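Undergrad: mind folding the following:
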Amino acid sequence: MKFHQLLIFLAIISCNNKSNNRTFVSELGYTIVLPENWDEYEDEKNTNAFFDITEWTGNLRIISALRSVPSEALRKCL
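TA: Numbers count the residues shown, from 1 in each chain. The predicted structure is shown next:
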């Protein structure tokens with residue numbers, strides 16, 4: 001999960017050239033830094049979705065796929 005947090009963090013930072021950021025703590029078990037002008041919107045279950053409220057530049061959707069994998073099956077993969 002830490003690798004995914006790093007990828008998400010790097011994606012947000014590389015797209016953001018402003019210094020005004022805010023921390024988003026997800027109920028899905030991760031924390032990311034978002035630009036101040038990004039907001040969350042309602043989407044599917046186990047998904048956090050964000051967009052720029054000042055100018056449409058696309059959206060960011062984070063889906064928790066690991067929640068549906070039984071822990072025993074996950075241990076075998078790791």
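Undergrad: wait, isn't Glu36 in contact with Phe24?
TA: No. Using CB atoms under 8 Å, Glu36 is not in contact with Phe24, being 11.2 Å away. (Each C-beta comes from the backbone N, C-alpha and C, glycine too.)
Undergrad: and these two? which has more neighbours close in?
TA: Using other CB atoms under 10 Å as the criterion, Glu36 and Phe24 rank with Phe24 on top: 17 against 13.
Undergrad: what helix or strand is that one on?
TA: Using DSSP states H and E, Phe24 sits within strand 21-25.
Undergrad: any idea of the angle the helix or strand just after that strand forms with strand 21-25?
TA: Remark: after strand 21-25, the chain's next helix or strand is strand 31-35, criterion DSSP H and E. Interaxial angle, strand 31-35 versus strand 21-25 (axes from the mean of the first three to the mean of the last three CA atoms, to 10 degrees): 150 degrees.
Undergrad: CA atoms only for strand 31-35, dumped as CSV, please.
TA: Only the C-alpha atoms of strand 31-35 are listed here, as CSV (Å, rounded to 0.1, in the frame of the first residue of the first chain):
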residue,chain,number,x,y,z
THR,A,31,-3.6,10.1,3.1
ILE,A,32,-2.7,12.3,0.2
VAL,A,33,-1.8,16.0,-0.4
LEU,A,34,-4.2,17.7,-2.8
PRO,A,35,-4.0,21.1,-4.4
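Undergrad: just checking, what packs against that strand?
TA: On a contact count with 3 or more CB pairs under 8 Å, 6 or more residues apart in numbering; DSSP states H and E, strand 31-35 meets helix 2-15, strand 21-25.
Undergrad: in it, what's buried?
TA: Neighbour-count burial for strand 31-35 flags Ile32, Leu34, Pro35 (criterion: 16 or more other CB atoms under 10 Å).
Undergrad: give the bridge partners for the second one, please.
TA: With DSSP bridges as the criterion, Leu34 is bridged to Arg22.
Undergrad: which ones are touching it?
TA: Contact analysis of Leu34 by CB atoms under 8 Å, 6 or more residues apart in numbering lists Ile12, Asn21, Arg22, Thr23, Phe24, Phe50.
Undergrad: thank you kindly, that will do.
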